[in-house]
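Engineer: Fold the stuff below for me.
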Amino acid sequence: MPASETAHRDPLRLTQYARGGGCACKLPPGELEALVGDLSGRHVAPLVAEGAGALLVGLENGDDAAVVSLGENNAVVLTTDFFTPVVDDAFDWGRIAAANALSDVYAMGGTPLTAVNLVAWPREELPVELLREVLRGGLEVTQAAGCHLAGGHSIDDPEPKYGLAVTGLADPHRLLRNDAGRPGLPLTLTKPLGIGVLNTRHKATGERFAHAVETMVALNQEASRAALAAGVECATDVTGFGLLGHVLKLARASGVTAVLDSATVPYLDGARQAVRDGFVSGGTHRNLAWASPHTAWGPGLSENERLLLADAQTSGGLLVAGEIPGAPVIGELVPAGEHPVVVR
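Structural biologist: Numbers count the residues shown, from 1 in each chain. Predicted structure coming up:
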């Protein structure tokens with residue numbers, strides 16, 4: 001349908017132009033691990049072994065971004081993230097996608113410096129005015145982060161997609177890594193869960209959840225700064241693999257077992273009702289299927305509770321191995337046991 005006709009449809013719902021939505025569109029974690037495992041397992045001599053140009057964080061543990069040394073006291077953090085519409089409002093989608101992309105830099109303990117737009121747009125189907133709103137949303141969030149947004153790349157594509165490629169700076173001696181967890185450390189979560197099931201309900205029904213949008217657009221900047229100030233060395237952000245998947249990745253990378261107290265995990269209002277009503281994405285089901293064999297489940301944990309723990313988040317909070325002010329402790333790291341994850 002030409003853009004001129006599409007522009008007069010009332011209402012135009014961006015989520016209906018996407019098969020999935022947000023970080024639930026990620027490739028299944030098991031498939032992705034097999035793919036990148038083959039690449040990271042190849043023993044190739046590094047271009048630079050140490051000093052400026054050395055790769056400090058790469059593919060090995062599926063961390064949130066790549067980190068390259070710039071010398072003794074500085075490092076560059078590089079990441080990219082983009083996805084299909086997670087909400088119908090174009091401006092909100094732009095804000096959410098930008099906050100989500102910046103989060104990878106914060107999750108490494110870095111400060112975003114510059115970003116470029118990544119755009120795929122069905123120009124014959126959707127009016128360019130909507131794309132302008134998407135870009136405006138991205139600009140607002142990058143400006144709030146103190147990050148330059150300078151250009152980008154666009155293609156004509158049947159399915160709309162938006163995100164950023166981000167470059168940041170970090171202290172190489174004060175990185176937040178997913179392989180630096182130690183037994184005895186508490187686990188802290190800085191945003192509530194339930195974003196995925198609420199977004200899935202939004203896509204199916206058109207209901208708008210303003211509190212979910214505000215959670216997604218909130219930057220992880222202050223959480224990252226608080227973690228660094230507390231001397232934290234281990235963290236990751238919670239996105240498409242759900243809390244359960246990201247806890248599993250952190251525990252395996254660190255060689256420990258993560259014990260979660262399910263009763264302490266915070267959820268957005270309406271999340272439990274959404275999962276009871278069946279608004280669960282395929283990505284969430286895949287997360288649970290992947291993580292369950294590596295998880296020891298406590299008695300009485302329902303399927304819905306497990307699905308919520310595996311719920312594919314978009315622009316979720318930080319999972320921190322340590323305590324930071326104002327954020328709930330949801331578990332702890334203990335010496336490695338039979339399972340990398342235990343849920344009580």
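Engineer: any idea how far the closest residue to Val238 other than its chain neighbours lies from Val217?
Structural biologist: Once flanking residues are discounted, Val238 sits nearest to Gly316: 3.7 Å by C-beta to C-beta, 6 or more residues apart in numbering. All C-beta atoms are positioned from the backbone trio N, CA, C, and that covers glycine. Distance of Gly316 to Val217, given as C-beta to C-beta, to the nearest Å: 12 Å.
Engineer: quick one: which of those two has more around it?
Structural biologist: Taking neighbours as other C-beta atoms under 10 Å, Gly316 and Val217 compare with Gly316 leading, 29 against 20.
Engineer: does the more buried one really touch Ala212, like I thought?
Structural biologist: No: contact status for Gly316 versus Ala212: not in contact, 11.0 Å apart, counting by C-beta atoms under 8 Å.
Engineer: what is in contact with the two at once?
Structural biologist: Common neighbours of Gly316 and Ala212, counting by C-beta atoms under 8 Å, 6 or more residues apart in numbering, are Ile195.
Engineer: Let me see the confidence value for Leu14.
Structural biologist: The model reports Leu14 with a pLDDT of 94.
Engineer: now Ile96, nearest residue through space, not along the chain?
Structural biologist: That would be Met216: by C-beta to C-beta, 6+ apart, it lies 4.4 Å from Ile96.
Engineer: residues in contact with that neighbour?
Structural biologist: 86, 95-96, 99-100, 195, 314-315.
Engineer: residue contacts, the residue nearest to Val238?
Structural biologist: 103, 191, 193, 195, 237-239, 243.
Engineer: show me the contacts for the most centrally placed residue in the chain.
Structural biologist: With distances taken as C-alpha atoms, centre = their mean, Thr239 lies nearest the centre of the chain, 2.8 Å away. Applying C-beta under 8 Å, 6+ apart, we find Thr239 in contact with 23, 26, 100, 103, 246, 312-316.
Engineer: Same question for Pro340.
Structural biologist: 248, 251-252, 256-258, 294-295.
Engineer: the strands in the protein, which residues?
Structural biologist: 55-57, 66-69, 75-83, 111-121, 148-156, 161-170, 186-189, 235-237, 256-260, 295-297, 318-321, 329-335, 341-343 (DSSP state E).
Engineer: Each with direction, which strands does the first one pair with?
Structural biologist: Spelled out, that is strand 55-57. strand 66-69 (antiparallel) (DSSP bridges).
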